[in-house]
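Trainee: Could you work out the structure for the sequence below:
(4 chains)
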There are 4 protein chains.
Amino acid sequence: MAALIDRQSSGVFIIAATPFTDDGALDLESADRMVDFYLECGVSGMTILGIMGEAPKLAPDESMTFARHVLDRVAGRVPVIVGVSAAGLDNMARLTGAVMEAGAGGVMVAPQPGLLTDPKLKGYIAQVCAALGPDVPICFQDYPQTTGVQVSVETIIDLTVKHPQIVMLKHEDWPGLTKLSRVRAETGVGDVPRMSILTGNSALFLAQEMQRGADGAMTGFAYPEMLVQVVARHRAGDVDGAEDLFDAYLPMVRYEQQLGLGLAIRKEVLRRRGVLASAKVRAPGPSLTDRDHEELSRLMARLDKRLGELS
Amino acid sequence: MAALIDRQSSGVFIIAATPFTDDGALDLESADRMVDFYLECGVSGMTILGIMGEAPKLAPDESMTFARHVLDRVAGRVPVIVGVSAAGLDNMARLTGAVMEAGAGGVMVAPQPGLLTDPKLKGYIAQVCAALGPDVPICFQDYPQTTGVQVSVETIIDLTVKHPQIVMLKHEDWPGLTKLSRVRAETGVGDVPRMSILTGNSALFLAQEMQRGADGAMTGFAYPEMLVQVVARHRAGDVDGAEDLFDAYLPMVRYEQQLGLGLAIRKEVLRRRGVLASAKVRAPGPSLTDRDHEELSRLMARLDKRLGELS
Amino acid sequence: MAALIDRQSSGVFIIAATPFTDDGALDLESADRMVDFYLECGVSGMTILGIMGEAPKLAPDESMTFARHVLDRVAGRVPVIVGVSAAGLDNMARLTGAVMEAGAGGVMVAPQPGLLTDPKLKGYIAQVCAALGPDVPICFQDYPQTTGVQVSVETIIDLTVKHPQIVMLKHEDWPGLTKLSRVRAETGVGDVPRMSILTGNSALFLAQEMQRGADGAMTGFAYPEMLVQVVARHRAGDVDGAEDLFDAYLPMVRYEQQLGLGLAIRKEVLRRRGVLASAKVRAPGPSLTDRDHEELSRLMARLDKRLGELS
Amino acid sequence: MAALIDRQSSGVFIIAATPFTDDGALDLESADRMVDFYLECGVSGMTILGIMGEAPKLAPDESMTFARHVLDRVAGRVPVIVGVSAAGLDNMARLTGAVMEAGAGGVMVAPQPGLLTDPKLKGYIAQVCAALGPDVPICFQDYPQTTGVQVSVETIIDLTVKHPQIVMLKHEDWPGLTKLSRVRAETGVGDVPRMSILTGNSALFLAQEMQRGADGAMTGFAYPEMLVQVVARHRAGDVDGAEDLFDAYLPMVRYEQQLGLGLAIRKEVLRRRGVLASAKVRAPGPSLTDRDHEELSRLMARLDKRLGELS
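Mentor: Predicted coordinates for the structure are as follows:
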């Protein structure tokens, strides 16, 4: 029985890496370890086959093999969201059907590039909802830096009102703090239903975003325990404590937030932490120089020291 | 007494070049000859200081010198629209005030890059209208290839309803034929006032656009007499004759439509036709190779031959 | 035995549509008719699974089914190029291996978005060549309007020198006439090997491009007989006759060149000409309004009339 | 006697705001206070009329008034760099001549948008150098997020070798740490002259960049004393102390780094610190919500607290 996402979903939905062996094959053993690690960290959900998951570099059968493997390992303990954005609706619907049947908790959809007016975007999302069917919960990914599609608060609200299955916003517009405040203030009031808001952008503003009403985070930071604790402290009313902890990790958050390169850094941190057997990124992709490795070692050591001071 | 643009404006508003001498100075003598040439061709208006006018490459005092000179020469015989798009509203308002006082018939405003949601665009245009004052007629330039701002039909209509001074649309979205049909059909009905629609994009679809209800063209094609005749024939009910004439010029229209390079081609054709003393484009800018010059000669000769066959 | 592309390849390589039934299924019967039609028109090659072929909207097995079907029907009479651009090298290599084994004559590769410096682009193409293996002939697609990657003449020459398997350039930079002249002049001299140059961009400048030394065209214009005759006349020394014929079709070429919408127009023309059973484009995709249909009818009728005048 | 920038320039070149009164007029009194404040903070130079200086929103005479005023107040104590990027070379040369005569220490030039191949970019910079004359020291601004022009390490080195007047790199490519390491390693060796490297991007990676060999920073952070101390500690060999101090300010650095909005935040911090009379940004421009103001207060208070812990 799958756990589904809904308008109340909250906590940390970690964006999962796709582990490869050094020669580039899917590494399902590491995938198991990674799933266990995330769950031990206390995540409330997972997201797979996103950009960080290198989804477009998987062969179609690999995508399903990996998705099924993760879903089996999670076994319904937390909802798993699957990224299904695709150029064609047929492919999107096919993948959605397969993963929902395999136990996914919902899918994540970003606008295709080129949907540059409100009517075009709304028309596209209506087509998507019709193609997926009304029973599939959708997380709408608002990520203009990658899609090139800017979405107004008015449009986000229109989408969640018109399409009850759009229950969650992955907020990663930037700068986006005012946008987050507005979506929070203008949903869950009157006829507009509440919407779960999870923040992305590598969590660079997580403390501020929680203070502005986010329900949690959806990002792939390689220290998920920080994300979990910040959200937990915040909810427990310890706003300052949440921000203190966040700030201690901020040098590393900032380091991982480097567009493109961040994926290589995250996989390397997960490797060093014993989660992944290899930090392999499929070609073409970023890789770390020797200098980067030293810098990362320094940053990791500094983080340990700072955490020691705090405790 | 200046002729002002309004919601009924029609015909050909030629986009005027800014003539330079070979060493790059403003050439006001050629400007006089150019104004006379355009008027003899039968244009219904002119547009100056647009992108084709190399406005951003003029010194501020040159802009006003040139604008005043053209306005004096035109002497109210046709309305002259001045391009005033600028990064800051203060500069835009200052230039607008000066040219309106000097006898301009209205100004042309394109959205600044970055206004990528409906609310942002609408807010910006409201700021512009307030800064310019309600008495200045505005031509809204819809040119996404250059501005990066996509504007929906719904938004265009909203702008012209909310801001009565926005009386004209320069239509150069592409592909944009359906958009033109919709703006035509959805303005001038019910509470929505009529809007003058002049088409740009180098007139590549002028015949089709007239058939879909355009009021004329605003472009800088170096044979303005074709634009004038096509519009005239069309209005006189000779739809086929209009399109026959247009198609005869199409190889040259297509040749001039090359983004960037088109400006150098137009100035060279105007030079060969005796209008400009020099085809000089200010640096950095495009220039024609020897091969381009030969190709242009061939295309001009073929055009003459084809016009001979038609007559 | 497959016909392979090489540095002398010339003529018209038609970009094939992917035919669907009205309900969106692959239509292999229409595919047969289309292949026969193209061959009867006298094309020298075909290109499948390109953007016009709606490749990204096919399911993986559909891609191979369609490719194998076309390759079987062509049966080595002309080389068939297969578009294999993909986010990951593994997927690209896998598809390439499969289609080359099935009889393809080469593959077409466009740079991935984001390769925005010379060293990055050159490094990527080196990776691609290594991944595909040296025996696979490559057509390099230079299409900045879609990829966002601008490639200099110097870089194109460097690529074809360093990678002997890059034998063909699909030229669709725009404006690109001077670029074409330079690639022609600077290859096939000294140590730089000749390169086959086929032009794209909907053939909007085909006559000029042949005059500047192109070897032919690679585009999907729905009247392939025009492309074939223009290239043939030009090679036979009838430069004016080639351009006369081209100009007669120019209103239609220009109409089909509308980015995005062009695909719907081409499929509709092919349907009207009896080649395809349906003009279906997979969602999300462009569709023609009633007004577009009328306009197309008018343009087709005008073309017939003009061809009558010419003959 | 003006202080000129050269290949050894180092330290903090603060990017100066352009102060306005609440009603938008130039505020020269605040400008004086700001210049004094920056000098008291220990900056090694200043940069005016950059993007943060709202240069494109100034009237031409305002630009010169402000530049002369700042240059007079600085009175040669540190070099002042003036941003002169413009659409046309004539305007760029005119402004450069005027500010160099008034005592500027050099100019900053960014590539114009559209220079998307190496040969185009190199040709443009050669034109710029010729137009400005060989005696004007140039800081080349490598800022692809704003210009859209990606520049390789190879090209940067080529520019500084071919044009001896290009003595400084403003490094703000992102992610750009490896690029910085390479420019450092590949200049100042063999025939390649040393180049001053100052880093931008709001100093988000200042500690790492100093460790990789940067000569300092050129950014507008509203606590210049931090930038000055980090650079000074680093040079004194206190690498850890430099990074400790930087990390204490990182939450604020990150907050100011919000593209666009950052300008409003910086002006507000400078206002709160008693430097500017008003935080006014010229229209169209960003403004802070009440929520933003509270958030900023919280971040400023947390910074004070953290600095207290450190001392």
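
Trainee: For the rest of this, base every contact and every neighbour count on C-alpha atoms.
Mentor: OK.

Trainee: Low-confidence regions, the stretch 101-250 of chain A specifically.
Mentor: Residue ranges of the stretch 101-250 of chain A with pLDDT under 70: none are present.

Trainee: Contact residues of it facing chain C?
Mentor: A:Tyr124, A:Gln127 (C-alpha under 8 Å from any C-alpha of the partner chain).

Trainee: would you list every one of the helices in the stretch 101-250 of chain A?
Mentor: A:118-132, A:144-147, A:153-162, A:177-186, A:206-211, A:224-235, A:239-256 (DSSP state H, counting those that start in this stretch).

Trainee: which residues touch the lengthiest helix in chain A?
Mentor: Counting by DSSP state H, the longest helix found in chain A is helix A:290-310. Contact partners of helix A:290-310, identified using C-alpha atoms under 8 Å, 6 or more residues apart in numbering or on different chains, comprise A:Ala248, A:Tyr249, A:Pro251, A:Met252, D:Thr178, D:Gln208.

Trainee: Excluding chain neighbours, what is closest to A:Leu115?
Mentor: Nearest in space to A:Leu115, with sequence neighbours left out and distances taken as C-alpha to C-alpha, 6 or more residues apart in numbering or on different chains, is A:Leu121 at 5.1 Å.

Trainee: what's the spacing between the one you found and C:Pro284?
Mentor: Distance, A:Leu121 to C:Pro284, by C-alpha to C-alpha, to the nearest Å: 11 Å.

Trainee: ok, now A:Met226?
Mentor: Distance from A:Met226 to C:Pro284, by C-alpha to C-alpha: 40 Å.

Trainee: what do A:Leu121 and C:Pro284 both touch?
Mentor: Between them, A:Leu121 and C:Pro284 share no contacting residue, judged by C-alpha under 8 Å, 6+ apart.

Trainee: Show me the contact partners of stretch A:80-93.
Mentor: Counting by C-alpha under 8 Å, 6+ apart, A:3-5, A:45-50, A:67, A:71, A:95-96, A:99, A:104-112, A:128, A:131-132, C:56-59, C:282-284 sit against stretch A:80-93.

Trainee: 7 Å - rerun?
Mentor: A:45-50, A:95-96, A:104-110, A:112, A:128, A:131-132, C:56-57, C:59, C:283-284 (C-alpha atoms under 7 Å, 6 or more residues apart in numbering or on different chains).

Trainee: residues contacting A:Ala110?
Mentor: A:Ser85, A:Phe140, A:Gln141, A:Asp142.

Trainee: Backbone dihedrals for it, both of them.
Mentor: In terms of degrees, to the nearest 10, the main-chain angles of A:Ala110 are phi -110, psi 150.

Trainee: can you confirm A:Lys280 is in a strand?
Mentor: No - A:Lys280 sits outside any strand when classified using DSSP: H, G, I helix; E, B strand; the rest coil, being coil.

Trainee: For chain B, see how far away it is.
Mentor: 37 Å (C-alpha to the nearest C-alpha, to the nearest Å).

Trainee: what's the neighbour count on the residue nearest to A:Leu115?
Mentor: The burial count assigned to A:Leu121 is 21, neighbours taken as other C-alpha atoms under 10 Å in any protein chain shown.

Trainee: again with A:Cys139
Mentor: 28.

Trainee: Who does it form a beta bridge with?
Mentor: Under the criterion DSSP bridges, A:Cys139 forms beta bridges with A:Met108, A:Met168.

Trainee: Contact partners for it?
Mentor: With contacts defined as C-alpha under 7 Å, 6+ apart, A:Cys139 is in contact with A:Val107, A:Met108, A:Val109, A:Ile166, A:Val167, A:Met168, A:Leu169, A:Lys170.

Trainee: circling back: between the helices of the stretch 101-250 of chain A, which gets nearest to B:Ala75?
Mentor: helix A:118-132 (43.3 Å; C-alpha to C-alpha).

Trainee: Please spell out which residues along the closest one are buried.
Mentor: A:Asp118, A:Pro119, A:Leu121, A:Lys122, A:Tyr124, A:Ile125, A:Val128, A:Cys129, A:Ala131, A:Leu132 (16 or more other C-alpha atoms under 10 Å in any protein chain shown).

Trainee: Doesn't A:Ile81 belong to a helix?
Mentor: No - applying three-state DSSP, one finds A:Ile81 to be strand, outside a helix.

Trainee: quick one: the spatially closest residue to A:Gln258 that is not a sequence neighbour and B:Ile157, what's the gap?
Mentor: Spatially, and ignoring its direct neighbours in sequence, A:Gln258 is nearest to D:Pro175 (5.5 Å; C-alpha to C-alpha, 6+ apart). Distance from D:Pro175 to B:Ile157, counting by C-alpha to C-alpha: 42 Å.

Trainee: can you check A:Val281 too?
Mentor: A:Val281 is 49 Å from B:Ile157, by C-alpha to C-alpha.

Trainee: between these two, which one's more packed in?
Mentor: Of the pair A:Val281 and B:Ile157, A:Val281 is the one with more neighbours under other C-alpha under 10 Å, namely 24 against 18.

Trainee: Got the phi and psi for A:Val12?
Mentor: phi -110, psi 120.

Trainee: That one contacts A:Gly45, correct?
Mentor: Yes - judged on C-alpha atoms under 7 Å, A:Val12 makes contact with A:Gly45 at a distance of 6.4 Å.

Trainee: Can you pick out the residue with more neighbours from the two?
Mentor: A:Val12 (29 against 26).

Trainee: mind checking how far that one is from chain B?
Mentor: Where chain B is concerned, A:Val12 sits at a distance of 29 Å (C-alpha to the nearest C-alpha).

Trainee: List the beta-bridge partners for that residue.
Mentor: A:Ala217.

Trainee: and if you look at A:Ile81?
Mentor: A:Thr47, A:Gly106.

Trainee: Could you report the neighbour count for it?
Mentor: 31.

Trainee: per-residue confidence for it?
Mentor: A:Ile81 carries a pLDDT value of 98.

Trainee: ok, it to chain D distance?
Mentor: Taking C-alpha to the nearest C-alpha, one finds A:Ile81 at 29 Å from chain D.

Trainee: Could you do A:Asp158 as well?
Mentor: 24 Å.

Trainee: what's the answer for A:Phe221, then?
Mentor: 17 Å.

Trainee: Could you check how far that residue is from B:Asp36?
Mentor: For A:Phe221 relative to B:Asp36 (C-alpha to C-alpha), the value is 67 Å.

Trainee: Those two - which one has more neighbours?
Mentor: Just comparing A:Phe221 and B:Asp36: by other C-alpha under 10 Å the higher neighbour count belongs to A:Phe221, 26 against 15.

Trainee: for that one, what are its contacts?
Mentor: Contacts of A:Phe221 (C-alpha under 7 Å, 6+ apart): A:Ser202, A:Arg266.

Trainee: And it, how close does it get to A:Val253?
Mentor: For A:Phe221 relative to A:Val253 (C-alpha to C-alpha), the value is 7 Å.

Trainee: related to what we said a few turns ago, CA atoms of the longest helix of chain A as CSV?
Mentor: Extracted as CSV, the C-alpha positions of helix A:290-310 are listed here (Å, rounded to 0.1, in the frame of the first residue of the first chain):
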residue,chain,number,x,y,z
ASP,A,290,42.2,17.4,-7.0
ARG,A,291,41.9,20.9,-5.7
ASP,A,292,38.1,20.4,-5.3
HIS,A,293,38.7,17.3,-3.3
GLU,A,294,41.1,19.1,-1.0
GLU,A,295,38.7,22.0,-0.6
LEU,A,296,35.8,19.6,0.1
SER,A,297,38.0,17.8,2.8
ARG,A,298,38.7,21.2,4.4
LEU,A,299,35.0,22.1,4.4
MET,A,300,34.0,18.8,5.8
ALA,A,301,36.6,19.1,8.6
ARG,A,302,35.5,22.7,9.4
LEU,A,303,31.9,21.5,9.5
ASP,A,304,32.8,18.8,12.1
LYS,A,305,34.6,21.3,14.1
ARG,A,306,31.7,23.8,14.1
LEU,A,307,29.3,21.1,15.0
GLY,A,308,31.5,20.3,17.9
GLU,A,309,31.5,23.8,19.1
LEU,A,310,27.7,23.9,18.9
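
Trainee: Cool, thanks, signing off.
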